[in-house]
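**Q** starting from these lines, generate the structure:
(2 chains)
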Amino acid sequence: MQMTFIGHQSWLIEEGETRILLDPVFEDFIGVSRDKGISIYPPRDIIFDELPSVDAIIISHEHSDHFHLPTLALFKDVPIYISHLMPSCVTKLLERTDFTFHVVPFQKIIEVGELSFTLYHAGQDTVLWESRVSQVYFQSLTDETVVYVAIDALLSEDFVDDVNGQYIDMPNTFVVTNNSQITPKGVIGSLDNCYDVSLNDGPCGISILHEIIIRYVDALPSIKNFIICGGGFTKQYEEYFGAYHFSRQKNLAGLAQYLCPDKYIYGPDPGEIIEISSIEGQKRSVNWINIDEKKIDELENLKKDYAKNPVPNRIRSLTTLNDSVSFDKEKSFVQALNLLSNAILYSEFGKKIFYESINSTKDEHDIFVMVFYLDKSMSQYIAYKLCFESARFIQMSAEEEPFKAANGIEVFMTDYLALIQGYIQIWDLAGIAIQSWYSHGESLLSPIAFLYCWYGEQIQPRLNQIAYQHRWSHFLENEEVV
Amino acid sequence: MKLTYLGHQGWMITHQKTNILIDPLLTETFGNSPEIRFRVYPHRTIDVSRMPSISGIFITNEHLDHCHFDSLAKLPKSIPIFVGNLMPLCTKEALRKRGFTVNNVSNMSHVFIDDMKISFFLGSSETALWERRVYNLYITSKTNQANSVLIQSDTLLNELFTEKNTLDLTPEILIATNNSQITPHGNSKIHSNMLPIDEEKENGLRILYEIINSHKNSIPSLNHIVLSGSNYTIDEIDECPFYYADFKKLANVATQLSLDFFVHGLIPGEVVDFNKLEANYTEVDWIVRTTEKSSQEYHDECEDGLMGPIFKNLVDKKNLSSTIKNILVSFEDMSKIIPLSSFGKQLLNTNEYLSGMLGAERFVIHLKYDKNQHYLFCYDVSKSCFVFYKSEKTLDDIIRKFPYGISLFIHDFVAILEGHIQIWELSVANIKQWYLSSKYQSPIMFLYEYFSEHIQQDIARRVYERQD
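**A** Numbers count the residues shown, from 1 in each chain, chains lettered A, B, ... in the order given. Okay, the predicted model is just below:
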């Protein structure tokens, strides 16, 4: 069995004449549009016509870097496999195409030609927005070699149990995801805290490697062969600093290899073919993927320039909706805030800030605020504070100072309206157009992390389905069945 | 502050015009006997006569590679030596007998030398028993904590620096210890296990995470971490340096994995000066490096070999039976200490092994005289004593029968009991062990605990007396 790296987290798994695509993204960007979306890194071109025939496609979960309708449209006759936990926005959308798709249960072996695959459910403590992820176990029916692709979430406990109980073979090769998305000092990141953008735990590259190569596989110490992928994109602020730190997996894996001579660790560039039985040795590349070395060098130079002259950035507006939108008349805006205030109070994040308000000397109104910018220059804004007594957001007066609150979110009003009306997804705003600050320091319980849960595909399938429709209407052939 | 690396865990620290030495190891080799010589790696010679004048010597603990009599003998007796007041009495006596002035400093107290303030903090209570008397040293200027240096030495950091910083200590530079001693085969030298247990091997990633990220996490004031640690080759016995003995390369990798945090690895003779905005590197000419090959070349050549007894002359046919009797006597004491240890607890909790349920004999000390003559001292957990057998079996059979054991030459074991060498010297040179427990409860870890100088002071005195 061999696997070809297509970029970010896209793979082609191959045994003899059988080929399966995992989470294929063939375009050079994902998201809203080429100029406002997210570019694949390292940049590469795919010559689709040179690609040999494919027998099946697996979509691990709903996020836009895994579920990419324009790519699926290239393979109209190829059956698609998804788990029964896939949010309905995806299945409803697939129903409106002519694609064949199969919903399969976890831990059931599916045979396709000379390959079999099994979906495993994400580890139980995974954050909500990654909790529907299927991790995939591939086995060759020819020589029984195995690769496990540990996508995005925590390692599946069911998979660990199956290996330790010897119900399945130990993988020859283990694919891990580096989703760290480390931005340089001063540049906003997806889960960053405006309070303290510097990383306090020293060399974060060591933390990343320790997390993915050691702690992640604590339960399976005999895994020796690691492939690192993921984090393979640059956001639209790439003109600032190039690619994320440690996102060229080839370089990171090289350092990891020096530190872990007891293992074999490899980080492929797009186009490289990896032999699953023994990942060591010279790598070949396919002729249908070309990486853009020139662009990589450009991005690398940007990173060096930024390091010499760092200029902290702020969020920028993503939408070009009418700037003078009269938000207070917008029924949907008021409704969205009311739903949001309730949702917060139900959540772990809400619990955190509630107790913070009790133990704080601050007025409860200074605990959590939402700041909406009304113009591009960010000079005008309207702010709302969360009132625990009424479980509602209350508009702050001009004298009040929202930025002194202990926790908060800042976003452009037009972007927020676009979000709640289904023009864009929360992921389009992440790390570019929205930012939060929080006093407790736990990024997974941050205000922004809460919004990832609340506006994500799982809780708001309808909203996200509308966003898909806006983006991909030309791929949809059938009317929606209500 | 300016740090000059002497090699191993020896440093000269300079502030303004004052120089002090920390755990000076100034000779090319160290070791209690002529038979096993540990050569500081990267190899170097130190011309003590050209060293700048020293105002004080600070010794963090009693172990030979920190409190090194032969090195101290090269320095003027007029230089005061400062030690923690819990350093074992036997060690202080030996220092005084050699003509040194020994000053006790109690825990959390300090001494001033010119503008330098040097404070002693006993290491964390989580530290291993044999490192329980090791002090962290905290060096600042008399007036402020800018550029302050914290020296970890062979212990975990005192909680006052990490968890409960009630004294408002803000070290900026940490000299952190890498004592991993990983062989090129991926094993930690002192934790090697003959059983093929699929335990996660040590590697550089774990080491860096442990000594850099954990420290930076718990001590936010740190701006720089400087690598130090046990670094030696053993003449003729194992001339291959440890993996990651090249602190410069290790620090370089750590820095590449960092955005804005600095990790420093020095080679002996290098000086890092933290007085300027950016750390500045220079060299001194009184330390000359003599390593001929790169660590990679050593690793390529190295082989994992076994050898015969090191202390051949200590046991012969004539004294063999009296030797065995003496060993049995010495085991009487040890057999009562085993149940008190976590190793002993493991023995009790291991009820099953390869051939089914175990009897009371679960730990064996396998002493070899020659190819044909082996002796077994089996530890019986119900009687809490050792039982002696003359063995007919092969070592493989013995390993299959007992879940815990060590194997070594009787001559070498006698060398420990008679004070020719200490247990750690032999464990890295010529002992094999096997165990089912975690590596922290291995037979050799128990022997480290048992032979701790601060408890077995009579055995330690014997070692010191041999060197007079």
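
**Q** how many neighbours does A:H245 have?
**A** If you count neighbours by other Cβ atoms under 10 Å in any protein chain shown, A:H245 ends up with 22. Placement of C-beta: from N, CA and C, glycine included.

**Q** Provide the partner residues of it in its beta bridges.
**A** Beta-bridge partners for A:H245, by DSSP bridges, are A:I182.

**Q** B:I234 now?
**A** Applying DSSP bridges to B:I234, the residues it is bridged with are B:F38, B:D238.

**Q** again with A:I110
**A** Using DSSP bridges, the beta-bridge partners of A:I110 come out as A:F117.

**Q** residues in contact with it?
**A** For A:I110, the contacting residues are A:Y81, A:V104, A:S116, A:F117, A:T118, by Cβ atoms under 8 Å, 6 or more residues apart in numbering or on different chains.

**Q** same list, these, but as TSV with neighbour count please.
**A** Converted to TSV, the contacts of A:I110 look like this (neighbours: other Cβ atoms under 10 Å in any protein chain shown):
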residue	neighbour count
A:Y81	22
A:V104	18
A:S116	19
A:F117	23
A:T118	22
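
**Q** least confident of those residues?
**A** On pLDDT alone, A:V104 ranks lowest of these, at 94.

**Q** so how far is B:N231 from it?
**A** 55 Å (Cβ to Cβ, to the nearest Å).

**Q** nearest spatial neighbour of A:S156, skipping sequence neighbours?
**A** Excluding the flanking residues, the one nearest A:S156 by Cβ to Cβ, 6 or more residues apart in numbering or on different chains is A:Y120, at 3.9 Å.

**Q** before we move on, which element is the residue in the stretch 101-250 of chain A that chain B sits nearest to in?
**A** For the stretch 101-250 of chain A, the residue closest to chain B is A:G205, as judged by Cβ to the nearest Cβ, at 2.7 Å. Using DSSP states H and E, A:G205 falls within helix A:204-209.

**Q** buried sites along that helix?
**A** By 16 or more other Cβ atoms under 10 Å in any protein chain shown, the buried positions in helix A:204-209 come out as A:C204, A:G205, A:I206, A:S207, A:I208, A:L209.

**Q** past the worst-scoring helix or strand of chain B on mean pLDDT, which element shows up next along the chain?
**A** Sorting the helices and strands of chain B by mean pLDDT, DSSP states H and E puts helix B:295-301 at the bottom, at a mean of 78. Where DSSP H and E defines the elements, the next helix or strand beyond helix B:295-301 is helix B:320-337.

**Q** for that following helix, packing partners?
**A** Packing contacts for helix B:320-337, counted by 3 or more Cβ pairs under 8 Å, 6 or more residues apart in numbering or on different chains; DSSP states H and E, involve strand B:374-380, strand B:385-391, helix B:410-417.

**Q** near chain B, which residues of the stretch 251-400 of chain A? Just list them.
**A** Proximity of the stretch 251-400 of chain A to chain B, by Cβ under 8 Å from any Cβ of the partner chain, involves residues A:L255, A:A256, A:Y258, A:L259, A:C260, A:P261, A:D262, A:K263.

**Q** what residues are up against residue 190?
**A** If you meant another chain, say so; for now it's chain A. Neighbours of A:S190 in contact, by Cβ under 8 Å, 6+ apart: A:Q181, A:A430, A:G431, A:I448.

**Q** that's the wrong chain, I wanted chain B
**A** With contact set as Cβ under 8 Å, 6+ apart, B:I190 has these partners: B:Q181, B:W424, B:S427, B:V428, B:I444, B:M445, B:Y448.

**Q** wait, is it part of a strand?
**A** No - assigned with DSSP: H, G, I helix; E, B strand; the rest coil, B:I190 falls outside any strand and is helix.

**Q** distance of the residue of the stretch 1-150 of chain B found nearest chain A relative to B:Y281?
**A** For the stretch 1-150 of chain B and chain A, the shortest gap (Cβ to the nearest Cβ) falls at B:L150, measuring 14.8 Å. Relative to B:Y281, B:L150 is positioned 21 Å away (Cβ to Cβ).

**Q** and those two? Which one has more around it.
**A** For B:L150 versus B:Y281, the count of surrounding residues by other Cβ under 10 Å is larger for B:L150: 27 against 11.

**Q** phi, psi of A:F101?
**A** phi -140, psi 150 (degrees, to the nearest 10).

**Q** what segments of the stretch 51-200 of chain A are helices?
**A** A:69-72, A:88-95, A:157-164 (DSSP state H, counting those that start in this stretch).

**Q** mean pLDDT lowest where, among the ones you listed?
**A** Note on the helices of the stretch 51-200 of chain A: helix A:88-95 shows the lowest mean pLDDT, a mean of 92.

**Q** which helices and strands sit right next to that one?
**A** Packing partners of helix A:88-95 (3+ Cβ pairs under 8 Å, 6+ apart): strand A:80-83, strand A:101-104, helix A:461-472.

**Q** quick one: which of those is nearest chain B?
**A** Chain B lies closest to strand A:80-83 among the helices and strands packed on helix A:88-95, at 31.1 Å (Cβ to the nearest Cβ).

**Q** just to revisit the earlier point, give the pairing partners of the helix or strand following the helix holding A:G205; include direction for each.
**A** From helix A:204-209 onward toward the C-terminus, using DSSP H and E, the following helix or strand is strand A:225-229. Sheet pairing for strand A:225-229, assigned by DSSP bridges, gives strand A:173-177 (parallel), strand A:264-266 (parallel).

**Q** and the contacts of strand A:225-229?
**A** Contacts for strand A:225-229 (Cβ under 8 Å, 6+ apart): A:5, A:8-9, A:11, A:172-178, A:212-213, A:249, A:252-253, A:256, A:263-268, A:274, A:278-279.

**Q** only C-alpha atoms, please: export that strand in PDB.
**A** This file holds the C-alpha atoms of strand A:225-229, laid out as PDB (Å, rounded to 0.1, in the frame of the first residue of the first chain):
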ATOM      1  CA  ASN A 225       6.500   5.400  11.900                       C
ATOM      2  CA  PHE A 226       4.900   8.800  11.900                       C
ATOM      3  CA  ILE A 227       3.800  11.000   9.100                       C
ATOM      4  CA  ILE A 228       3.100  14.700  10.000                       C
ATOM      5  CA  CYS A 229       0.500  16.600   7.900                       C
END
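
**Q** in that strand, which residues are buried?
**A** Within strand A:225-229, the residues scored as buried using 16+ other Cβ under 10 Å are A:N225, A:F226, A:I227, A:I228, A:C229.

**Q** pull the most distant pair out of those residues.
**A** With distances taken as Cβ to Cβ, the most widely separated pair in the buried residues of strand A:225-229 is A:N225 and A:C229, at 13.6 Å.

**Q** returning to what we had before: so who does the residue lying closest to the residue of the stretch 101-250 of chain A closest to chain B once chain neighbours are set aside touch?
**A** Distances taken as Cβ to Cβ, 6+ apart place B:L257 nearest to A:G205, at 2.7 Å, with adjacent residues excluded. Contact analysis of B:L257 by Cβ under 8 Å, 6+ apart lists A:P203, A:C204, A:G205, A:I206, A:I208, A:L209, A:F246, A:L255, B:L208.

**Q** which among those residues gets closest to A:Q380?
**A** Set against A:Q380, the nearest of the contacts of B:L257 by Cβ to Cβ is A:C204 (36.3 Å).
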